[in-house]
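Engineer: need the 3D shape of this:
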Amino acid sequence: MKYIVGTLHSDKYKLNSSIEVTVQTDGDGYHAEWGEVGEYGTGETIKESISDLTENIISLYETLRYRPDIKIGKNLQRIIDVMKSVIIEK
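Structural biologist: Numbers count the residues shown, from 1 in each chain. Down below sits the predicted model:
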């Protein structure tokens with residue numbers, strides 16, 4: 001199922017546009033994925049899987065955004081660019 005996520009539930013970051021995530025059941029719970037960047041979250045409920053996903057998105061964003069010393073390839077640069085286009089600091 002497709003869901004539209006409009007918030008990261010963060011004190012530090014917000015979305016300047018909604019993102020579309022796909023949620024699927026995996027037998028033991030749910031798996032939510034933001035396919036555009038390949039990030040995912042899991043949980044026992046849809047809400048938990050989306051919450052885990054948003055936490056993982058913030059973690060990935062902070063890891064990539066604040067590490068100018070690391071060399072990255074084109075695919076990872078694309079992911080950073082996509083994230084920077086929708087995530088802004090409050």
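Engineer: going forward, measure contacts and count neighbours with C-alpha atoms only.
Structural biologist: Will do.
Engineer: next, the buried residues of the worst-scoring helix or strand of the chain on mean pLDDT.
Structural biologist: Using mean pLDDT, DSSP states H and E, helix 74-86 stands out as the lowest-scoring helix or strand of the chain, at a mean of 91. For helix 74-86, the neighbour count (16 or more other Cα atoms under 10 Å) marks 79-80, 83 as buried.
Engineer: among those residues, which one lies nearest to G43?
Structural biologist: Within the buried residues of helix 74-86, proximity to G43 (Cα to Cα) peaks at M83, which comes in at 22.7 Å.
Engineer: do you know how far the closest one is from W34?
Structural biologist: As judged by Cα to Cα, to the nearest Å, M83 and W34 stand 11 Å apart.
Engineer: neighbours of D11, how many?
Structural biologist: 8 (other Cα atoms under 10 Å).
Engineer: now the lengthiest strand in the chain: buried residues?
Structural biologist: In the chain, assigned by DSSP state E, the strand with the most residues is strand 19-25. Using 16+ other Cα under 10 Å as the test for burial, strand 19-25 gives 21, 23-25.
Engineer: need those residues in JSON lines with pLDDT, can you?
Structural biologist: Formatted as JSON lines, those follow (pLDDT from 0 to 100):
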{"residue": "V21", "pLDDT": "98"}
{"residue": "V23", "pLDDT": "98"}
{"residue": "Q24", "pLDDT": "97"}
{"residue": "T25", "pLDDT": "96"}
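Engineer: contact partners for T42?
Structural biologist: Each residue near T42 by Cα atoms under 8 Å, 6 or more residues apart in numbering is listed here: 29-32, 48-50, 52-53.
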